[in-house]
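Student: coords please:
(one chain, ligands or ions: 1)
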Amino acid sequence: MEIIIQPTDEAASSIAARLIARLLRDKPSAVLGLATGNTPRMLYRELARMSLDWSKVRTFDLDEYVGLPPEHPASYRQFMWENLFRYVNIAPANIHVPDGMTKDIPGFCARYEGAIRAAGNIDLQVLGIGRDGHIGFNEPTSSLASRTRIKTLTAQTRRDNAKFFDSEANVPHHVITMGIGTIMESRQIMLLAFGEQKAHAVAHAVEGPVTAMCPASVLQLHPVVKIFLDEAAASRLTKVDYYRWVYDNKPDWQKF
Ligand code: GLP
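Tutor: Now for the predicted structure:
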(Lines give C-alpha, C1' and ligand atoms only; values in the text may rest on other atoms or scores of the structure.)
Protein backbone atom coordinates (compact mmCIF):
# COMPACT_ATOMS: atom_id res chain seq x y z
CA MET A 1 0.00 0.00 0.00
CA GLU A 2 1.19 3.46 -0.77
CA ILE A 3 -0.10 6.17 1.56
CA ILE A 4 -0.12 9.66 0.05
CA ILE A 5 -0.90 12.41 2.55
CA GLN A 6 -1.54 15.89 1.22
CA PRO A 7 -2.37 19.15 3.00
CA THR A 8 -5.82 19.35 1.39
CA ASP A 9 -8.36 17.18 -0.38
CA GLU A 10 -7.81 19.36 -3.43
CA ALA A 11 -4.08 18.62 -3.57
CA ALA A 12 -4.71 14.89 -3.09
CA SER A 13 -7.43 14.83 -5.78
CA SER A 14 -5.20 16.63 -8.22
CA ILE A 15 -2.42 14.02 -7.89
CA ALA A 16 -4.98 11.23 -8.26
CA ALA A 17 -6.34 12.93 -11.39
CA ARG A 18 -2.86 13.16 -12.89
CA LEU A 19 -2.41 9.40 -12.41
CA ILE A 20 -5.70 8.64 -14.13
CA ALA A 21 -4.82 11.05 -16.93
CA ARG A 22 -1.55 9.24 -17.45
CA LEU A 23 -3.38 5.90 -17.66
CA LEU A 24 -5.85 7.26 -20.23
CA ARG A 25 -2.99 8.61 -22.35
CA ASP A 26 -1.07 5.32 -22.16
CA LYS A 27 -4.16 3.19 -22.76
CA PRO A 28 -6.98 5.11 -24.48
CA SER A 29 -9.36 2.15 -24.10
CA ALA A 30 -8.72 1.80 -20.36
CA VAL A 31 -11.42 0.32 -18.15
CA LEU A 32 -12.12 2.47 -15.10
CA GLY A 33 -14.06 1.43 -12.03
CA LEU A 34 -15.75 4.49 -10.55
CA ALA A 35 -17.10 5.50 -7.16
CA THR A 36 -19.72 8.00 -6.07
CA GLY A 37 -20.16 10.09 -2.90
CA ASN A 38 -18.76 13.48 -1.97
CA THR A 39 -15.16 12.26 -1.88
CA PRO A 40 -14.42 11.79 -5.61
CA ARG A 41 -16.24 14.95 -6.77
CA MET A 42 -13.04 17.01 -6.90
CA LEU A 43 -11.18 14.24 -8.68
CA TYR A 44 -13.88 14.14 -11.36
CA ARG A 45 -13.92 17.95 -11.66
CA GLU A 46 -10.17 17.90 -12.19
CA LEU A 47 -10.43 15.12 -14.79
CA ALA A 48 -13.17 17.02 -16.62
CA ARG A 49 -10.87 20.07 -16.81
CA MET A 50 -8.00 18.10 -18.33
CA SER A 51 -9.27 17.77 -21.91
CA LEU A 52 -8.58 14.05 -22.10
CA ASP A 53 -9.91 11.77 -24.80
CA TRP A 54 -12.60 9.56 -23.26
CA SER A 55 -13.98 8.26 -26.58
CA LYS A 56 -12.66 4.72 -26.05
CA VAL A 57 -12.69 4.62 -22.23
CA ARG A 58 -15.05 2.09 -20.63
CA THR A 59 -16.41 2.65 -17.12
CA PHE A 60 -18.08 0.45 -14.53
CA ASP A 61 -19.61 2.03 -11.47
CA LEU A 62 -19.37 0.25 -8.16
CA ASP A 63 -22.96 0.44 -7.05
CA GLU A 64 -26.52 1.75 -7.28
CA TYR A 65 -29.60 1.96 -5.08
CA VAL A 66 -32.31 -0.64 -5.71
CA GLY A 67 -35.58 0.99 -6.75
CA LEU A 68 -34.18 4.34 -7.95
CA PRO A 69 -34.74 5.07 -11.64
CA PRO A 70 -31.70 6.45 -13.50
CA GLU A 71 -33.20 9.96 -13.65
CA HIS A 72 -33.71 10.15 -9.84
CA PRO A 73 -31.50 12.98 -8.51
CA ALA A 74 -29.92 10.70 -5.88
CA SER A 75 -29.26 7.78 -8.25
CA TYR A 76 -25.62 7.04 -8.87
CA ARG A 77 -26.18 7.12 -12.62
CA GLN A 78 -27.38 10.70 -12.22
CA PHE A 79 -24.43 11.50 -9.94
CA MET A 80 -21.97 10.27 -12.56
CA TRP A 81 -23.67 12.29 -15.28
CA GLU A 82 -23.69 15.49 -13.20
CA ASN A 83 -20.14 15.13 -11.88
CA LEU A 84 -18.22 13.67 -14.80
CA PHE A 85 -19.87 12.22 -17.88
CA ARG A 86 -21.59 15.40 -19.05
CA TYR A 87 -18.18 17.09 -19.31
CA VAL A 88 -16.27 14.45 -21.27
CA ASN A 89 -16.60 12.72 -24.65
CA ILE A 90 -17.36 9.26 -23.27
CA ALA A 91 -19.57 7.07 -25.49
CA PRO A 92 -22.87 6.30 -23.70
CA ALA A 93 -22.51 2.61 -24.65
CA ASN A 94 -19.24 2.50 -22.71
CA ILE A 95 -20.84 3.63 -19.44
CA HIS A 96 -21.98 0.90 -17.05
CA VAL A 97 -23.84 1.58 -13.81
CA PRO A 98 -25.78 -1.17 -12.02
CA ASP A 99 -29.47 -1.06 -12.91
CA GLY A 100 -31.39 -0.35 -9.71
CA MET A 101 -34.68 -1.00 -11.50
CA THR A 102 -33.91 -4.47 -12.80
CA LYS A 103 -36.62 -7.05 -12.18
CA ASP A 104 -34.01 -9.82 -12.00
CA ILE A 105 -31.26 -8.78 -9.59
CA PRO A 106 -29.24 -12.04 -9.56
CA GLY A 107 -29.40 -12.24 -13.37
CA PHE A 108 -28.38 -8.60 -13.72
CA CYS A 109 -25.46 -9.03 -11.29
CA ALA A 110 -24.16 -12.06 -13.20
CA ARG A 111 -24.35 -10.07 -16.46
CA TYR A 112 -22.53 -7.11 -14.84
CA GLU A 113 -19.71 -9.42 -13.79
CA GLY A 114 -19.67 -10.88 -17.31
CA ALA A 115 -19.46 -7.39 -18.85
CA ILE A 116 -16.47 -6.49 -16.65
CA ARG A 117 -14.74 -9.70 -17.70
CA ALA A 118 -15.60 -9.14 -21.38
CA ALA A 119 -14.05 -5.64 -21.13
CA GLY A 120 -10.80 -7.27 -20.03
CA ASN A 121 -11.26 -6.44 -16.32
CA ILE A 122 -10.85 -3.11 -14.58
CA ASP A 123 -7.52 -1.36 -15.08
CA LEU A 124 -7.99 1.14 -12.28
CA GLN A 125 -10.66 1.18 -9.60
CA VAL A 126 -11.46 4.41 -7.74
CA LEU A 127 -12.81 3.93 -4.21
CA GLY A 128 -14.07 6.06 -1.37
CA ILE A 129 -14.60 4.62 2.09
CA GLY A 130 -17.56 4.60 4.44
CA ARG A 131 -17.14 5.55 8.11
CA ASP A 132 -17.50 1.85 8.94
CA GLY A 133 -14.80 0.89 6.43
CA HIS A 134 -17.15 -0.15 3.61
CA ILE A 135 -16.03 0.01 -0.01
CA GLY A 136 -18.64 0.17 -2.73
CA PHE A 137 -21.62 -0.81 -0.62
CA ASN A 138 -19.88 -3.81 0.91
CA GLU A 139 -20.87 -3.31 4.51
CA PRO A 140 -18.93 -4.86 7.43
CA THR A 141 -19.14 -8.69 7.44
CA SER A 142 -19.43 -8.78 3.63
CA SER A 143 -17.55 -11.79 2.33
CA LEU A 144 -14.08 -10.78 1.26
CA ALA A 145 -14.64 -13.03 -1.78
CA SER A 146 -18.06 -11.55 -2.67
CA ARG A 147 -19.17 -10.76 -6.22
CA THR A 148 -21.69 -8.24 -7.56
CA ARG A 149 -24.93 -8.76 -5.65
CA ILE A 150 -27.70 -7.17 -3.61
CA LYS A 151 -26.75 -5.81 -0.16
CA THR A 152 -28.71 -4.30 2.70
CA LEU A 153 -27.40 -0.99 4.04
CA THR A 154 -26.64 -0.48 7.71
CA ALA A 155 -28.48 2.22 9.65
CA GLN A 156 -25.27 4.29 9.79
CA THR A 157 -24.72 4.18 6.03
CA ARG A 158 -28.34 5.17 5.40
CA ARG A 159 -27.90 8.09 7.82
CA ASP A 160 -24.60 9.14 6.19
CA ASN A 161 -26.08 9.02 2.70
CA ALA A 162 -29.28 10.87 3.66
CA LYS A 163 -27.46 14.07 2.56
CA PHE A 164 -28.22 13.08 -1.05
CA PHE A 165 -31.96 12.57 -0.39
CA ASP A 166 -34.85 14.78 0.80
CA SER A 167 -34.98 12.79 4.02
CA GLU A 168 -33.43 9.74 5.62
CA ALA A 169 -36.71 7.87 5.23
CA ASN A 170 -36.25 8.03 1.44
CA VAL A 171 -32.84 6.33 1.44
CA PRO A 172 -33.37 2.82 0.03
CA HIS A 173 -32.44 -0.13 2.23
CA HIS A 174 -31.17 -2.22 -0.66
CA VAL A 175 -28.41 -1.65 -3.18
CA ILE A 176 -26.54 -3.52 -5.91
CA THR A 177 -22.79 -3.41 -5.41
CA MET A 178 -19.71 -4.92 -6.99
CA GLY A 179 -18.35 -7.47 -4.56
CA ILE A 180 -15.07 -7.27 -2.69
CA GLY A 181 -13.75 -10.13 -4.84
CA THR A 182 -14.77 -8.14 -7.93
CA ILE A 183 -12.95 -5.02 -6.71
CA MET A 184 -9.84 -7.02 -5.84
CA GLU A 185 -9.52 -8.21 -9.45
CA SER A 186 -8.81 -4.65 -10.62
CA ARG A 187 -5.22 -4.18 -11.80
CA GLN A 188 -4.76 -1.15 -9.58
CA ILE A 189 -6.83 0.59 -6.96
CA MET A 190 -6.87 4.13 -5.61
CA LEU A 191 -8.83 4.93 -2.46
CA LEU A 192 -9.55 8.52 -1.49
CA ALA A 193 -10.58 9.62 2.01
CA PHE A 194 -10.91 13.14 3.33
CA GLY A 195 -11.93 14.61 6.66
CA GLU A 196 -11.69 13.64 10.31
CA GLN A 197 -14.84 11.50 10.08
CA LYS A 198 -12.90 9.02 7.89
CA ALA A 199 -9.78 8.86 10.11
CA HIS A 200 -10.91 5.86 12.13
CA ALA A 201 -11.87 3.77 9.08
CA VAL A 202 -8.62 4.69 7.33
CA ALA A 203 -6.52 3.66 10.35
CA HIS A 204 -8.33 0.31 10.50
CA ALA A 205 -8.02 -0.28 6.77
CA VAL A 206 -4.32 0.58 6.54
CA GLU A 207 -2.88 -0.47 9.88
CA GLY A 208 -5.46 -2.84 11.35
CA PRO A 209 -5.95 -6.55 10.79
CA VAL A 210 -7.50 -7.80 7.55
CA THR A 211 -11.07 -8.44 8.57
CA ALA A 212 -14.55 -8.46 7.06
CA MET A 213 -15.47 -6.09 9.91
CA CYS A 214 -13.53 -3.43 7.97
CA PRO A 215 -13.98 -4.36 4.29
CA ALA A 216 -11.37 -1.84 3.10
CA SER A 217 -8.70 -3.71 5.10
CA VAL A 218 -8.75 -6.37 2.36
CA LEU A 219 -6.83 -3.89 0.20
CA GLN A 220 -3.75 -4.89 2.19
CA LEU A 221 -3.84 -8.07 0.09
CA HIS A 222 -3.81 -6.20 -3.24
CA PRO A 223 -0.39 -5.53 -4.81
CA VAL A 224 -1.08 -2.06 -6.31
CA VAL A 225 -3.05 0.24 -4.00
CA LYS A 226 -2.64 3.97 -3.47
CA ILE A 227 -4.45 5.66 -0.59
CA PHE A 228 -4.93 9.43 -1.00
CA LEU A 229 -5.60 11.29 2.25
CA ASP A 230 -5.81 14.81 3.57
CA GLU A 231 -4.25 15.56 6.96
CA ALA A 232 -7.50 15.01 8.85
CA ALA A 233 -8.17 11.58 7.35
CA ALA A 234 -4.56 10.59 8.13
CA SER A 235 -4.73 11.83 11.72
CA ARG A 236 -5.16 8.39 13.35
CA LEU A 237 -2.40 6.60 11.45
CA THR A 238 0.64 5.68 13.56
CA LYS A 239 3.27 5.57 10.81
CA VAL A 240 2.56 8.96 9.25
CA ASP A 241 6.22 10.06 9.31
CA TYR A 242 7.23 6.95 7.42
CA TYR A 243 4.52 7.42 4.76
CA ARG A 244 5.57 11.03 4.23
CA TRP A 245 9.24 10.11 3.96
CA VAL A 246 8.52 7.38 1.44
CA TYR A 247 6.49 9.77 -0.74
CA ASP A 248 9.00 12.64 -0.50
CA ASN A 249 11.98 10.44 -1.31
CA LYS A 250 10.80 8.31 -4.19
CA PRO A 251 13.44 7.43 -6.74
CA ASP A 252 13.01 9.60 -9.84
CA TRP A 253 11.59 6.78 -11.95
CA GLN A 254 8.85 6.20 -9.37
CA LYS A 255 7.73 9.82 -8.98
CA PHE A 256 4.33 11.01 -10.14
C1 GLP B 1 -21.39 5.39 -0.33
C2 GLP B 1 -20.78 4.82 -1.60
C3 GLP B 1 -19.29 4.56 -1.40
C4 GLP B 1 -18.63 5.81 -0.84
C5 GLP B 1 -19.24 6.15 0.50
C6 GLP B 1 -18.62 7.38 1.14
O7 GLP B 1 -21.63 4.42 0.62
N8 GLP B 1 -21.41 3.61 -1.99
O9 GLP B 1 -18.72 4.20 -2.65
O10 GLP B 1 -17.25 5.60 -0.70
O11 GLP B 1 -20.62 6.40 0.28
O12 GLP B 1 -19.25 8.52 0.69
P13 GLP B 1 -18.70 10.00 0.86
O14 GLP B 1 -17.58 10.11 -0.12
O15 GLP B 1 -19.87 10.88 0.49
O16 GLP B 1 -18.26 10.13 2.26
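
Student: and the gap between S29 and R58?
Tutor: For S29, the distance to R58 (Cβ to Cβ, to the nearest Å) stands at 7 Å. Where C-beta positions appear, they are placed from N, C-alpha and C, glycine not excepted.

Student: neighbour count winner among the two?
Tutor: Shown here are S29 and R58; by other Cβ atoms under 10 Å, R58 has more neighbours (22 against 13).

Student: who's in contact with the residue in the stretch 101-250 of the chain positioned nearest to the ligand?
Tutor: Residue nearest to the ligand within the stretch 101-250 of the chain: G128 (2.5 Å; Cβ to the nearest ligand atom). Shown in contact with G128 (Cβ atoms under 8 Å, 6 or more residues apart in numbering): A35, T36, G37, T39, P40, I135, L191, L192, A193.

Student: Leaving out the residues flanking it, which one is nearest to P209?
Tutor: Using Cβ to Cβ, 6 or more residues apart in numbering and skipping residues adjacent in sequence, the residue nearest P209 is S217, 6.7 Å away.

Student: Are we agreed that that neighbour is in a helix?
Tutor: Yes: assessed with DSSP: H, G, I helix; E, B strand; the rest coil, S217 lies in a helix.

Student: so it sits right up against E207, yeah?
Tutor: No: between S217 and E207 there is no contact under Cβ atoms under 8 Å: 9.2 Å.

Student: Of these two, which one has the most company?
Tutor: S217 (21 against 15).

Student: Please identify, among the contacts of G128, the one with the most neighbours.
Tutor: Highest count within these by other Cβ under 10 Å belongs to I135, 30 neighbours.

Student: which residues of the protein fall in strands?
Tutor: 2-6, 31-34, 58-61, 63-65, 95-96, 124-127, 149-152, 174-177, 188-193, 225-230 (DSSP state E).

Student: Any chance of the ones you listed in JSON lines with mean pLDDT as columns?
Tutor: Below are the strands of the chain laid out as JSON lines (pLDDT from 0 to 100):
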{"stretch": "strand 2-6", "mean pLDDT": "98"}
{"stretch": "strand 31-34", "mean pLDDT": "98"}
{"stretch": "strand 58-61", "mean pLDDT": "98"}
{"stretch": "strand 63-65", "mean pLDDT": "98"}
{"stretch": "strand 95-96", "mean pLDDT": "98"}
{"stretch": "strand 124-127", "mean pLDDT": "98"}
{"stretch": "strand 149-152", "mean pLDDT": "98"}
{"stretch": "strand 174-177", "mean pLDDT": "98"}
{"stretch": "strand 188-193", "mean pLDDT": "98"}
{"stretch": "strand 225-230", "mean pLDDT": "98"}
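
Student: do you know which of these lies nearest D241?
Tutor: Nearest of those to D241, taken as Cβ to Cβ: strand 2-6 at 10.2 Å.

Student: the inter-axis angle of the helix ranked longest in the chain versus strand 225-230?
Tutor: Longest helix of the chain, by residue count under DSSP state H: helix 9-26. Interaxial angle of helix 9-26 relative to strand 225-230 (axes from the mean of the first three to the mean of the last three Cα atoms, to 10 degrees): 150 degrees.

Student: circling back to that earlier point, skipping adjacent residues, who's closest to the residue of the stretch 101-250 of the chain closest to the ligand in space?
Tutor: With Cβ to Cβ, 6+ apart, the residue lying closest to G128 is T39, at 4.0 Å.

Student: go on, D99?
Tutor: Leaving aside its sequence neighbours, D99 sits nearest to F108 (Cβ to Cβ, 6+ apart; 5.7 Å).

Student: Quick check: the one you found touching R149?
Tutor: No: taking contacts as Cβ under 8 Å, F108 lies outside contact range of R149: 10.0 Å.
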